[in-house]
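Asker: coordinates only, no sequence provided:
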């Protein structure tokens, strides 16, 4: 049962146990509310038999005190078992989702955007907080306590019990049959919200381009349509929910009429005493209130399916696992007949084989879309290969835990990601245990000191969100400084000098030449000047190794590499007409 609850509601093991405890607490609370009804029944019985005798007064006084005490106790238990436990589980759920995302291959993120994942971790978790504190325990508590009370009613009079209870299965069936309709409404509402969130995020991120192209007004028109679509879907969602819940509530209220009608007929026939009739009127007046809330809770629980499905998509996604120890002998990177395709079915690499040797610079060049960046990502196990094998020093990378494997790599991406922090702390990402002196030494190797020393607070200057206060070249130099600081035996450079001017590019390449001694360096570049001094060049085209060798050898072959060099040489002579 614990396992089923975990799967059904995306819960931890403790969360599933707390949910059961919360349901039990709601049952006790609902039953405690029936004790005053029983006490009132006894009092009415005494009054009808000539009045309440003095000997019975202590019984009623103590009974009232016990009823109040019991209600307070069960309410306290119910509050702790639902609200407090729910907020604890909500924190656990968010952490679990974040941890899962950390271990999921990057191919998963190619199908998701930031707004979608943020909504899952924040908005969906918040919605489930409400579900597990209000809806699910109270629904379970109402159903179980009602069943127990309904069984006891049959002991008094089965005819009146049928008159009181027949509406319940009908009312719940109406809401239950609405599940498919509600799921459709909820999915369309969620799609509209995600489209709107994506549009808002895209608008904020691209506001510079929109302004530059005078496209703001047109874009905002489209964004307004998305916002209106969310409003429209929300109204339809509420209407669809209300149509079923209100109909079920109306059916439920018929129970009072049928109890009164059946009781009156049986009373006139003399087959029912007035005290039992009074008892059933009391019970149904108390019984239907929590059931009406239960109908709304049932509809709300059905609505959680869409949110839970989004969470389970993350929790059920396969993760990358492996040994936490390294067994490599050296740091040669070998691709052995590697093939790779994204989940979309797009084949990127068909049959790639080459070796990037330790102590050498291996450059990956070729036309756009040839698979250069994919090769570097596969080497660091950002994704797993579809076929073939990649080894580092003879160690199969697919058998090693990704975080353990990445301890061997220093990576400089083409798209630099910086944090809203100081220059010093942004570089320290490369090695959190590094001293300020070590950070500064790495920064100087990457030529960061040239601009950092000119800033108001120098190395302690806050660079803004994603380094918005810096130029592209300055941002990239900070990223390179991280690689220096980490000082890993393997270096992956993905267009590392793309945003640098000629002077800075030369300085960085001079610094890199000091860094790469006895290390494995894999460089991705489009500018042939950048890779002219590489020990080995691998030309990738259409997902395959088209050419391989040192620059001079490839130039003599007069192939793809030669053509790329000639085209770039010609482009350097281009001038404005």
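Answerer: Nice, I can see it. In this text the structure is predicted, and so the values were computed from the model without any measurement.
Asker: tell me where the stretch 351-500 of the chain has strands.
Answerer: Along the stretch 351-500 of the chain, counting by DSSP state E, counting those that start in this stretch, strands occupy 361-365, 387-392, 395-396, 409-412, 490-494.
Asker: and the chain, by the same measure?
Answerer: Using DSSP state E, the strands found in the chain span residues 333-341, 347-356, 361-365, 387-392, 395-396, 409-412, 490-494, 520-524, 536-541, 544-549.
Asker: could these go into TSV alongside mean pLDDT?
Answerer: Putting the strands of the chain into TSV (pLDDT from 0 to 100) gives the following:
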stretch	mean pLDDT
strand 333-341	88
strand 347-356	86
strand 361-365	86
strand 387-392	90
strand 395-396	90
strand 409-412	84
strand 490-494	85
strand 520-524	86
strand 536-541	86
strand 544-549	85
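Asker: okay if I get those as CSV plus distance to residue 280 and mean neighbour count?
Answerer: Any C-beta I mention is one placed from the backbone N, CA and C, and that applies to glycine too. Converted to CSV, these look like this (distance: least, C-beta to C-beta, whole Å; neighbours: other C-beta atoms under 10 Å):
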stretch, distance to residue 280, mean neighbour count
strand 333-341, 68, 19
strand 347-356, 72, 19
strand 361-365, 82, 24
strand 387-392, 73, 18
strand 395-396, 74, 18
strand 409-412, 75, 23
strand 490-494, 77, 24
strand 520-524, 80, 25
strand 536-541, 82, 23
strand 544-549, 82, 18
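Asker: where does this protein have its least confident helix or strand?
Answerer: Among the helices and strands of the chain, helix 502-515 carries the lowest confidence by mean pLDDT, DSSP states H and E, at a mean of 67.
Asker: from start to finish, how long is stretch 373-393 in a straight line?
Answerer: End-to-end distance of stretch 373-393 (C-alpha to C-alpha, to the nearest Å): 21 Å.
Asker: for the closest residue to residue 21 other than its chain neighbours, give me the pLDDT.
Answerer: Spatial nearest neighbour of residue 21, chain neighbours left out: residue 81 (4.8 Å); criterion: C-beta to C-beta, 6 or more residues apart in numbering. In this model, residue 81 is scored at 78, pLDDT.
Asker: tell me if I'm right that residue 81 and residue 19 touch.
Answerer: No - the pair formed by residue 81 and residue 19 falls short of the contact definition of C-beta atoms under 8 Å, at 9.2 Å.
Asker: quickly list what's touching both of these two.
Answerer: residue 137 (C-beta atoms under 8 Å, 6 or more residues apart in numbering).
Asker: now the longest helix anywhere in the chain: how far from the chain's centre is it?
Answerer: Counting residues, the longest helix in the chain under DSSP state H turns out to be helix 216-269. Relative to the chain's own centre, helix 216-269 is displaced by 31 Å; criterion: C-alpha atoms, centre = their mean, to the nearest Å.
Asker: same thing with stretch 326-334?
Answerer: 35 Å.
Asker: rewinding a little: nearest to residue 461 among the strands of the chain would be which one?
Answerer: For residue 461, the closest of the strands of the chain is strand 409-412, at 21.7 Å, according to C-beta to C-beta.
Asker: tell me what the closest one is packed against?
Answerer: With contacts taken as 3 or more C-beta pairs under 8 Å, 6 or more residues apart in numbering; DSSP states H and E, strand 409-412 sits against helix 472-486, strand 490-494.
Asker: out of the strands of the stretch 351-500 of the chain, which is closest to residue 480?
Answerer: That would be, of the strands of the stretch 351-500 of the chain and by C-beta to C-beta, strand 409-412, which comes in at 5.4 Å.
Asker: quickly run through the sheet partners of the closest one, with directions.
Answerer: Paired strands of strand 409-412, with direction, are strand 490-494 (parallel) (DSSP bridges).
Asker: quick check: angle from the partner strand to strand 347-356?
Answerer: Angle, strand 490-494 to strand 347-356, by axes from the mean of the first three to the mean of the last three C-alpha atoms, to 10 degrees: 140 degrees.
Asker: got the angle between strand 490-494 and strand 361-365?
Answerer: Using the same axes, to 10 degrees: strand 490-494 against strand 361-365 is 30 degrees.
Asker: what's in contact with strand 490-494?
Answerer: 331, 333, 373, 376, 379-380, 392, 408-414, 483, 512, 515-516, 519-525.
Asker: how about 6 Å then?
Answerer: With contact meaning C-beta atoms under 6 Å, 6 or more residues apart in numbering, strand 490-494 is reached by 331, 376, 408-414, 519-524.
Asker: repeat for stretch 420-437
Answerer: 418-419, 439, 443, 452, 459-462, 465, 478, 481-482, 485-486.
Asker: make sure residue 185 is actually in contact with residue 239.
Answerer: No - checked against C-beta atoms under 6 Å, the pair residue 185 and residue 239 is beyond contact range at 8.9 Å.
Asker: check the gap between residue 492 and residue 119 for me.
Answerer: 32 Å (C-beta to C-beta, to the nearest Å).
Asker: ok, now residue 160?
Answerer: The gap separating residue 160 from residue 119 is 50 Å, by C-beta to C-beta.
Asker: cool, and residue 294?
Answerer: From residue 294 to residue 119 the distance is 29 Å (C-beta to C-beta).
Asker: and what of residue 149?
Answerer: With C-beta to C-beta as the criterion, residue 149 and residue 119 are 41 Å apart.
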